[in-house]
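1. 3D model of this:
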Amino acid sequence: QREARAELGAAGTPLLAARAERAREDWVKQRMVELGKARAQGLGWPDAYAYSKALGERALLDTRGELAVSIVRPSIIESSLAEPVPGWIRGFRMADPVIIGYARGLLREFPGLPEGIIDVIPVDLVVAAVLAVAARGPLPGGPDVVHAASGARNPLRYRQLVDLVREWFTEHPLADAHDQPIAVPEWSFPGRRTVQRQLRQATRTLGAAERALQSLPLRGGRADLAARLEERRDEAERALSYVELYGAYTETEAIFQVDRLLELHRSLPADDQRDFGMDPAVIDWRRFCQDVYLPSVVAHARVRQAPAAGTRRRDPRGATGLTREQRGRRAILSPDRQLAVFDLENTLIASNVVDSYSWLATRHQRDRSRVAFVLRTLRDAPSMLAADRADRGDFLRAFYRRYEGAPVERLRADGWQLWHDLLLVKSFPDGLRRVREHRSLGHRTLLIT
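-> Reported below is the predicted structural model:
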């Protein structure tokens, strides 16, 4: 409930209750993740994902009865080496978000043992192993287990992988928001706890700065700063999740034997070895990483690369002749979108109910009365602020009682002066311009205040 109130303020009981319930569900989900991870690690698995696969195997073997079972256990599956085309894979794989996070400059450090083995296997070699095991049939006295992995046969060292990735993104950098190349950092291979501590501290610091800024009216430069802080906090949280999810895989010292895989490969006729080979020794890691895997990751992630030096910058207006901002505005103002809804305070005008009341209440007063009014308002300000934070509806009901006894005809006449002398003066021109654009297009416009 405290989180909901901090985020929504005095938004009313239904909204606060809904947000509090969502926060509770998020907390339960996070606790379940933490407990599952702790249980898996307590039994020797890096995470609940690998542990659940082991549980699945055990359940299958306990309930299979007389059914023959063969199991193919692949390591980290990544892009195909050759089939159906080099670099093919379906979906965003485990290492891909870490690679993209590094290329974007989000991950300045990532834990791992530089001499450790990153056991990666191309997907077409895994498919070949599955086909060969199925074609051969189950071995008597099973279960029949075959590892499809590269670490024991053709190891890819973590430092080697990082060097290859850094080298490639130095030559083919991603582009930042200004279409400038992003320089990738050089990792020093710190411990996982060190990186986690740094990222948690960054997340807490950015979160505190964001909360402090949100307590102020967010307009102009402050709004831009708030957006940048939120973006940086999201990046730090995402980097921390990568470290927590995948850090254990970069520090593993396990080596998975592939004797049965190689035995199966050698049992194939020469033509099948060529067309359906599964021996990891055929992988040239430099060629695979830089010519096959990394271009595929960039394409699947749909990230923008910086233009090569000496090449002509692409016209941001594209084929339509419109800038990105103009295209966005055209989409927002499309006749297909029939309803445009606007808040008033701090959206269309830089004013509020207290401003309006003060203007109206002092409009016909003399100087001495105005000074007394200002002093009373300053005296009541702390209690009004506390009431507003507690419940916006209660605050407004209590505040509007201050109009009790005011002459209706005078308010009606002063309202036009209020509009011209206060509200228009404190209006945001871009906001009013946007309202007029919607109305000129025949859209239904709605003001909520």
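2. CA atoms for contacts and neighbours, from now on please.
-> Will do.
3. got the buried residues for the helix or strand in which H265 is found?
-> Counting by DSSP states H and E, the element that carries H265 is helix 259-266. Residues 261-262, 264-265 are the ones in helix 259-266 that count as buried (16 or more other Cα atoms under 10 Å).
4. And the furthest pair within those?
-> The two members of the buried residues of helix 259-266 with the most space between them (Cα to Cα) are L261 and H265, at 6.2 Å.
5. so what sits against both of the two?
-> Here L261 and H265 share the contacting residues 278-279, scored by Cα atoms under 8 Å, 6 or more residues apart in numbering.
6. Redo the buried residues of helix 259-266 as CSV? Include pLDDT.
-> As requested, the buried residues of helix 259-266 are exported to CSV (pLDDT from 0 to 100):
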residue, pLDDT
L261, 93
L262, 93
L264, 92
H265, 93
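7. Let me know the closest of these to R233.
-> Nearest to R233, judged by Cα to Cα, of these is L261 at 45.2 Å.
8. Tell me how far that closest one lies from R397.
-> Spatial separation of L261 from R397 under the definition Cα to Cα, to the nearest Å is 76 Å.
9. What is the helix or strand where E210 lies packed up against?
-> When secondary structure is defined by DSSP H and E, E210 falls within helix 192-214. When contacts are defined as 3 or more Cα pairs under 8 Å, 6 or more residues apart in numbering; DSSP states H and E, helix 192-214 sits against helix 221-246.
10. Mind listing what's buried along the helix it packs on?
-> Applying a neighbour-count criterion of 16+ other Cα under 10 Å, the buried positions in helix 221-246 are 226, 229-230, 232-233, 235-240, 242-244, 246.
11. Tell me the one of those nearest E115?
-> The shortest distance between E115 and any of the buried residues of helix 221-246, using Cα to Cα, involves Y246 and amounts to 16.9 Å.
12. Can you give me the pLDDT of that closest one?
-> In this prediction, Y246 carries a pLDDT score of 73.
13. do you know how far it is from L294?
-> Look at Y246 and L294: by Cα to Cα, they are 18 Å apart.
14. same deal with E83?
-> Relative to L294, E83 is positioned 17 Å away (criterion: Cα to Cα).
15. And those two? Which one has more around it.
-> Per other Cα atoms under 10 Å, whichever of E83 and L294 has more neighbours is L294, with 21 against 17.
16. Flag every buried residue along the helix or strand harbouring the more buried one.
-> For L294, the enclosing helix or strand under DSSP H and E is helix 294-301. For helix 294-301, burial by neighbour count (16+ other Cα under 10 Å) applies to 294, 296-298, 300.
17. Make JSON lines out of the residues you listed and add pLDDT.
-> What follows is those, written out as JSON lines (pLDDT from 0 to 100):
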{"residue": "L294", "pLDDT": "88"}
{"residue": "S296", "pLDDT": "86"}
{"residue": "V297", "pLDDT": "84"}
{"residue": "V298", "pLDDT": "85"}
{"residue": "H300", "pLDDT": "78"}
